[in-house]
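> here is my input; please provide its structure:
(chains A, B, C, D, E and F)
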6 protein chains.
Amino acid sequence: MIKPRIVIKLSGSLFNFETNSEQLNDYIQLIKKISNVYQPIIVTGGGKIARFYINLSRSLGMDESGLDLIGIQVSQLNARLLISGLAEYCYPLPPRNLEEISVALLSGLVLVTGGIYPGQSTNATSALIAERVGATKFYNATDVDGIYDSDPRTNPDAKKYDTINVQDCVNILKSEKSMAGTYDLMDLISLKVIERSKLPTIVFKSTLDNIEKVVLEKDKMGTEIII
Amino acid sequence: MIKPRIVIKLSGSLFNFETNSEQLNDYIQLIKKISNVYQPIIVTGGGKIARFYINLSRSLGMDESGLDLIGIQVSQLNARLLISGLAEYCYPLPPRNLEEISVALLSGLVLVTGGIYPGQSTNATSALIAERVGATKFYNATDVDGIYDSDPRTNPDAKKYDTINVQDCVNILKSEKSMAGTYDLMDLISLKVIERSKLPTIVFKSTLDNIEKVVLEKDKMGTEIII
Amino acid sequence: MIKPRIVIKLSGSLFNFETNSEQLNDYIQLIKKISNVYQPIIVTGGGKIARFYINLSRSLGMDESGLDLIGIQVSQLNARLLISGLAEYCYPLPPRNLEEISVALLSGLVLVTGGIYPGQSTNATSALIAERVGATKFYNATDVDGIYDSDPRTNPDAKKYDTINVQDCVNILKSEKSMAGTYDLMDLISLKVIERSKLPTIVFKSTLDNIEKVVLEKDKMGTEIII
Amino acid sequence: MIKPRIVIKLSGSLFNFETNSEQLNDYIQLIKKISNVYQPIIVTGGGKIARFYINLSRSLGMDESGLDLIGIQVSQLNARLLISGLAEYCYPLPPRNLEEISVALLSGLVLVTGGIYPGQSTNATSALIAERVGATKFYNATDVDGIYDSDPRTNPDAKKYDTINVQDCVNILKSEKSMAGTYDLMDLISLKVIERSKLPTIVFKSTLDNIEKVVLEKDKMGTEIII
Amino acid sequence: MIKPRIVIKLSGSLFNFETNSEQLNDYIQLIKKISNVYQPIIVTGGGKIARFYINLSRSLGMDESGLDLIGIQVSQLNARLLISGLAEYCYPLPPRNLEEISVALLSGLVLVTGGIYPGQSTNATSALIAERVGATKFYNATDVDGIYDSDPRTNPDAKKYDTINVQDCVNILKSEKSMAGTYDLMDLISLKVIERSKLPTIVFKSTLDNIEKVVLEKDKMGTEIII
Amino acid sequence: MIKPRIVIKLSGSLFNFETNSEQLNDYIQLIKKISNVYQPIIVTGGGKIARFYINLSRSLGMDESGLDLIGIQVSQLNARLLISGLAEYCYPLPPRNLEEISVALLSGLVLVTGGIYPGQSTNATSALIAERVGATKFYNATDVDGIYDSDPRTNPDAKKYDTINVQDCVNILKSEKSMAGTYDLMDLISLKVIERSKLPTIVFKSTLDNIEKVVLEKDKMGTEIII
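Model (predicted):
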């Protein structure tokens, strides 16, 4: 009677100053559909609006962990956009920490939240949430279409993995020359969490179509991290 | 030893997707200067970013008081921008209700907050805050340069008041044909609050220069509401 | 399966130093009966006990928005009286803001609360709550038996409306000469909220019998505000 | 530089439907005077208004610990009356538990609170607070003028103690035939707390004059409990 | 459909540095079994680990009510051990006060909490909880096998009561020569609460077997306090 | 007038079932001494008692992020031990998140807290706190005496760095073959935080003597991470 729980991390790229309600509504309808089968916990990134506030605050002198808190606020606002459309399918507020998530879960409704802890990417937060709710699967919908053996943007011969062992995945991250993206390295937390909880995880390119296929139709897609 | 307290409502127009740190920094430096003489409580509006989130949420189906809550969240984010620059001059968080304001006040620091209650314009909220903190003056920095006997945008002969009795002000608002702006009518709350607490209030056009002149140099400007 | 939600504002006049348990019990039994058909959200006014505390605090020097907070506390105490009798029919605490209301609503139980925000009459708060819970109807049980074209206490020819357009209602309020009652003017917020959310509203005299008739038997009574 | 802290329990009899602002103002002025020498923590009882709400709720079916919570709410309202008059001499809110008290204490201001924990008389709560704040003295202003060897209302030969050992005091309470007052027995908690913390305590009749004499002029009065 | 609620106070002796998961698991399985018939509210004592922290803090200078707060923290940690094993049978957090308990109760799940209020034994707290949740029975699983007419450790002829009137029980406690255990006297609160709410209570020796027999098989055991 | 702020992470090894008050008192006296010069923020690890609760909960079935929350609770209890001895030198409660820390900081007192966020070592949390409070130095008192080019426990020729660039430090961590300790990898977060905020950091062996020397006498010791 209790539906299996899954965590879906939505790329923050969905949320920017050009976002319109049609785009969001498509996602909302899909989440409703998913909620027939699962109790999904959706985690929204901060996206461009978060970066706007963070950049502005940083140049005004805010410290880095203070900026994390600001980014969290924006990702929670993004969560409220989805909550607007999910209405009675959905817990009416974005829970603000793991304790609130575990209580909100009892409603049986879809949960939507954003970042909750400073010092962590929303990937890492999503993995922690997946642990806490006993998720059967963690779907990480990202801006890339999977995990490669080297950077596909610079290496045309980069090879995408269909499946990869979590330890190999850690090694790839470790061997990278630079820490380009702000939170690249910190995603080692996600991997650590995935490893410690043996959490089945799929990393794939975030499109409406892909989410439906990979979640509802069990299509093989992106990269599956195995333990 | 305790500095007199004043409330300054900053027009939300300061906060939009083109806002840059130089603009905000000018306001921040001015607030620091004001804090030598007063303990200012700054209330930030939501501006265009609030309207962006509100419009998006409304078209997704969020109810109106839920939209108020979203607007409040954005105005609080705007408050954090000023807090970023005010640093040690400033209480480190935007207080979330009148109780938190009365406690934060004890720090003797500048307070910055946004909207706090649904169903109220930030004007009305600012007036309530002014009551709670015992402000000696409420500076309402708006998008217009004062109170007119009719709408200056449509009537070229509209006459600006230098001073106006609060009851006359109520009558003007009452006699307006339409409720054009979203919260026009609700600003009757501000007037009611101003009246019940005999709160000295100045309504003037929000520019950096004007704020400095009216607050620090006691220039006559805009419209003074008298009781 | 989910019952339609309705908001019933109970006049604060129910709560005073002579109130006895029989009176309250009659209301409690009626609310139980209503809860067979609807999920009612009951909002209690502060009444004479609120005025007692407010007057005492005011003469001791409390500021006006601080007095609002005290009035809210008393109305919440009044809410606890009804909660005492509703027992397992009822959420066990008066929710303290719109967020708590939206969560408490998930219980499917009767909710009872009092005022929640300073600067607003419990009428206005009730209308905001009606928005937030998606109420199908807002029943405003007051001390008068409907809306008149002029003050029936002074004008024997005053005519009661059976239905009135919300905009006409605003105009009547605006045209009133004086702001007699403490929150008269502020009830323009209720109207503004009713208007923005097209909230079907009935204003009628608060008696046990009337509430039963108007809520359960759909009797025409008082004044219906139409949009 | 830090003033010694004292706890003064004010009898709830100060708060009833006939209480006027002059009476309260006398207490407020005295507390201001005391605050020149000490940091007083004032604990207000619930009095008749608490009993009114409690009796009403009980006859409507509220359970006993639920009634304790209601009594606490009323005593906190009473605390707000004193806060109204103490204004800037005073922490602006009644702290709601020992943790909040320990933080509010840092303000150096007068604290006023009411009951905070169910299942305890405000005597017992006051003693716990005295422990937490490191009070040098606990002044228990009550409806009787001290501790007697038997009930002075029924035994004309009852002898009042000037000083009494805490253990003897416990024995007297234990030997009482009946548990007349609602919380009589529970005041054994106060004694237990007084004993475990060797808290110097004076029990005396609550009048304005007495409080001034015993607190500021160090008059011998009532009964001193010694350890 | 709503199961009757019972409160089971578990002796803190279950929790010490030698406690292993097998022991706890036995209790957890029993609680699951009980939850088929009742909605049990389990209250865990602090035990040796609480005493370890309390003793250490006391010798470092913490005041006594501050120590109560530390003991409460440890008993809440003990509660989390049972929550770990009860998983989906159980509310995911230990509620922190009576208000949170009344809300958590709506989940229909097992509740586990520890001490919640300073100045009270977990016995007294359990009795207050029993009132609040409308428990049909309060099972006090202790380190002794019932209530005796004198101390069975020193008097070999001490006689155990099968049933005892609450008032007689108070008298026995009152007549005791010494206040040996830390909270002995304070357990008069439990009795007071039991008396005021006519709460059927059984005091018995805490073993797995006994709990099962007395709760599920209605075996006569220990001492029943009657009113 | 405002003292420079420093963060000192105390190894959890200080806290175990054999810890006595003399040991803790030595640390407490040192912290008092440090507080003459700095406003120290002390972060306590969980140590053996945390591992006891975590292991027990894990074998009962608690999920990993739930275990993080339990570990945080224990480290907060450890913080309360130091708070017990620091008394009026110290903020009376362990702040529970970065927001509470930024407010508690205004007291000018020593702050003591434990872990605050799941998924992070107390090292990482300490670095985030150092950012938030604008610490001039982060002292990481650990179980090892500095950073080595390989594991000194297995490689007798391992060479300790006096200073190391943060990027080199990251590379050493990355090149490690195994993830032996529970949070080894996650300490990459600390490094990331140290890097992004250019936070001067010293890693050294946690002894009373060392802390005094490195903090107050500016002795070179352990490894300094430079940016």
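
> CA atoms only for the helix or strand bottoming out on mean pLDDT in chain A, dumped as PDB, please.
The helix or strand of chain A with the poorest confidence is helix A:166-175; it has a mean of 80 (mean pLDDT, DSSP states H and E). Once side chains and other backbone atoms are set aside, the C-alpha atoms of helix A:166-175 remain, and they are given as PDB (Å, rounded to 0.1, in the frame of the first residue of the first chain):
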ATOM      1  CA  VAL A 166      31.100   3.600  -7.500                       C
ATOM      2  CA  GLN A 167      34.800   3.100  -6.600                       C
ATOM      3  CA  ASP A 168      35.800   3.600 -10.300                       C
ATOM      4  CA  CYS A 169      33.700   6.700 -10.400                       C
ATOM      5  CA  VAL A 170      35.500   8.000  -7.300                       C
ATOM      6  CA  ASN A 171      38.800   7.300  -9.000                       C
ATOM      7  CA  ILE A 172      37.800   9.200 -12.200                       C
ATOM      8  CA  LEU A 173      36.800  12.200 -10.100                       C
ATOM      9  CA  LYS A 174      40.000  12.000  -8.100                       C
ATOM     10  CA  SER A 175      42.200  11.900 -11.200                       C
END
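
> between it and helix F:166-175, how big is the angle?
Counting by axes from the mean of the first three to the mean of the last three C-alpha atoms, to 10 degrees, helix A:166-175 points 160 degrees away from the direction of helix F:166-175.

> now helix A:166-175, how far from the centre of its chain.
20 Å (C-alpha atoms, centre = their mean, to the nearest Å).

> may I see the buried residues of the next helix or strand after that helix?
For helix A:166-175, the following helix or strand on the C-terminal side (DSSP states H and E) is helix A:187-197. Using 16 or more other C-beta atoms under 10 Å in any protein chain shown as the test for burial, helix A:187-197 gives A:187-197. C-beta coordinates here come from the backbone N, C-alpha and C atoms, glycine included.

> what's the answer for stretch A:203-220, then?
Of all the residues in stretch A:203-220, those buried under the rule 16+ other C-beta under 10 Å are A:203-206, A:210-211, A:214-215.

> what's the angle between the least confident helix or strand of chain A and helix F:187-196?
Using the same axes, to 10 degrees, the inter-axis angle of helix A:166-175 relative to helix F:187-196 is 20 degrees.

> for stretch A:26-40, how far is the first residue from the last?
Taking C-alpha to C-alpha, to the nearest Å, stretch A:26-40 runs 16 Å from one end to the other.

> burial check on whichever residue of chain A sits closest to chain D, number of neighbours?
Using C-beta to the nearest C-beta, the single residue of chain A nearest to chain D is residue A:99, 17.8 Å away. Close neighbours of residue A:99, defined as other C-beta atoms under 10 Å in any protein chain shown, add up to 15.

> repeat that for residue A:153.
Should you count by other C-beta under 10 Å, residue A:153 turns out to have 10 residues around it.

> in three-state terms, label it for me.
Under DSSP: H, G, I helix; E, B strand; the rest coil, the three-state class of residue A:153 is coil.

> contacting residues for it?
Counting by C-beta atoms under 8 Å, 6 or more residues apart in numbering or on different chains, residue A:153 makes contact with nothing.

> any idea how far residue A:162 is from it?
In this structure, residue A:153 and residue A:162 are 20 Å apart, going by C-beta to C-beta, to the nearest Å.
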